[in-house]
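Visitor: Pasting the sequence and the predicted coordinates here, then a few questions.
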Amino acid sequence: MVEELVGVVAAVGAGALVYVASAARVVKQYERGVVFRLGRLHGDVRRPGFNLVIPAVDRMRKVNLQIVTMPIPAQEGITRDNVTVRVDAVVYFKVVDPSAAIVNVEDYRFAVSQMAQTSLRSIIGKSELDDLLSNREKLNQGLELMIDSPAVEWGVTIDRVEIKDVSLPDTMKRSMARQAEADRERRARLINADAEYQASKKLAQAAHQMADTPSALQLRLLQTVMAVAAEKNSTLVLPIPVELLRFLERGAQPAAEGAGRPRDARDERDMGDARDAETADRAQTTDRAEIEERAVDLTEQRAVDLTEQAGEAMERLRRAVEQ
């Protein structure tokens with residue numbers, strides 16, 4: 001009798017263990033359980049932890065509440081300005097209503113993927129190429145709204161949508177490269193022209209200042225000679241003073257005037273007789289000799305002065321170099 005009772009208890013215990021094992025369900029922290037009893041939605045959503053269902057009567061489906069990262073395949077389309085592009089994106093979404101995600105749509109992941117692809121094609125057709133390349137934040141917001149509107153009924157909310165890459169044809173890439181190069185060259189020329197303008201203004205101010213004080217030009221010449229001498233060059237080139245050139249020009253002007261006078265006298269002499277021509281020729285020869293003697297005297301005197309000035313300048317330069 002006792003043995004039969006022990007056997008019955010053992011059988012009941014084994015059956016209870018089998019029942020508990022078949023009825024036990026464990027829901028993880030990031031999941032929620034939706035229970036269907038005889039095909040109908042039963043009760044509230046099961047919370048994380050240990051849960052029991054009726055075997056062969058209840059069926060539980062678990063729904064992941066984590067944020068899902070879903071890449072959108074590259075979609076090819078034509079923009080508003082008739083440029084063929086390929087655009088791919090990524091969608092971040094999560095389930096907020098597990099019951100609606102199971103009941104209202106057959107496969108919410110596939111539904112979100114198809115809606116994202118359709119919305120991306122629509123965005124490409126409504127946008128221009130410049131917007132796709134530079135104004136992506138606005139396009140991301142518009143794409144998010146287009147996907148989120150039908151996804152609300154599926155118990156899904158769109159966290160964010162990001163456009164990853166925009167592929168352009170090779171011809172368009174070359175055209176954009178040429179445009180960018182031309183724009184940079186234009187800016188470089190403008191900057192160079194502005195620099196030349198500012199430098200010319202400063203040079204004009206320096207020229208006026210040196211014109212007011214001629215000694216500044218001489219000091220600048222000495223500074224240049226010192227700078228060249230500091231380089232330890234074997235050859236030193238000294239510029240010819242401007243005053244010497246001006247003196248030679250002034251000396252050549254009287255000679256040219258004297259040479260011009262015989263032509264006028266010769267024209268008048270052709271109209272007169274031979275005696276007047278001989279007299280004018282003698283007077284002209286005398287005047288030319290006097291002019292040449294005066295020019296020689298002035299040249300010798302100016303040369304002496306320039307020699308003295310050059311000697312003084314070289315002496316000051318030698319002292320400066322020695323210091």
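Guide: Yep, it's here.
Visitor: from the middle of its chain, how far away would the strand or helix carrying residue 7 be?
Guide: Here residue 7, judged by DSSP states H and E, is contained in helix 2-23. Remark: helix 2-23 is offset 80 Å from the chain centroid, using CA atoms, centre = their mean, to the nearest Å.
Visitor: so what secondary structure elements neighbour the host helix or strand of residue 184?
Guide: Assigned by DSSP H and E, residue 184 falls within helix 170-212. Using 3 or more CB pairs under 8 Å, 6 or more residues apart in numbering; DSSP states H and E as the contact test, the elements touching helix 170-212 are helix 214-229. C-beta: built from backbone N, CA, C; applies to glycine.
Visitor: Tell me how many other residues crowd the nearest residue to residue 158 once chain neighbours are set aside.
Guide: Excluding the flanking residues, the one nearest residue 158 by CB to CB, 6 or more residues apart in numbering is residue 148, at 4.1 Å. By other CB atoms under 10 Å, 18 other residues sit near residue 148.
Visitor: Distance check, residue 148 against residue 51.
Guide: 32 Å (CB to CB, to the nearest Å).
Visitor: Phi and psi next, for the nearest residue to residue 126 once chain neighbours are set aside.
Guide: Excluding the flanking residues, the one nearest residue 126 by CB to CB, 6+ apart is residue 80, at 6.6 Å. For residue 80, the backbone dihedrals (degrees, to the nearest 10) come out as phi -70, psi -30.
Visitor: can you check residue 159 too?
Guide: Main-chain torsions, residue 159, degrees, to the nearest 10: phi -80, psi -50.
Visitor: Need the pLDDT of it.
Guide: You'll see residue 159 listed with a pLDDT of 91.
Visitor: same check, this time on residue 162
Guide: So residue 162 comes in at 92 (pLDDT).
Visitor: Find the nearest non-adjacent residue to it, please.
Guide: Closest residue to residue 162 apart from its sequence neighbours, by CB to CB, 6+ apart: residue 90 at 5.4 Å.
Visitor: Pretty sure that neighbour sits against residue 70.
Guide: Yes - between residue 90 and residue 70 there is a contact under CB atoms under 8 Å: 7.0 Å.
Visitor: OK, contacts around residue 91?
Guide: 69-72, 112-113, 116, 147, 158, 161 (CB atoms under 8 Å, 6 or more residues apart in numbering).
Visitor: now the helix or strand where it lies against helix 170-212, angle please.
Guide: Assigning secondary structure by DSSP H and E places residue 91 in strand 84-95. Computed by axes from the mean of the first three to the mean of the last three CA atoms, to 10 degrees, the angle separating strand 84-95 from helix 170-212 equals 100 degrees.
Visitor: Please name the strands paired to strand 84-95 in the sheet, noting orientation.
Guide: strand 68-78 (antiparallel), strand 156-167 (antiparallel) (DSSP bridges).
Visitor: Let me know the average pLDDT across it.
Guide: 93.
Visitor: how far does it sit from the chain's center?
Guide: Using CA atoms, centre = their mean, the offset of strand 84-95 from its chain centre is 28 Å.
Visitor: then it to CSV, C-alphas only?
Guide: C-alpha atoms of strand 84-95 as CSV (Å, rounded to 0.1, in the frame of the first residue of the first chain):
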residue,chain,number,x,y,z
THR,A,84,21.2,60.7,-61.7
VAL,A,85,22.4,59.7,-58.2
ARG,A,86,22.6,56.7,-56.0
VAL,A,87,21.8,57.4,-52.3
ASP,A,88,21.9,55.0,-49.3
ALA,A,89,20.8,55.7,-45.8
VAL,A,90,20.3,54.0,-42.4
VAL,A,91,17.2,54.0,-40.2
TYR,A,92,17.1,53.7,-36.4
PHE,A,93,13.8,52.6,-34.9
LYS,A,94,12.3,50.7,-32.0
VAL,A,95,9.0,49.1,-30.9
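Visitor: I appreciate the help and will end here.
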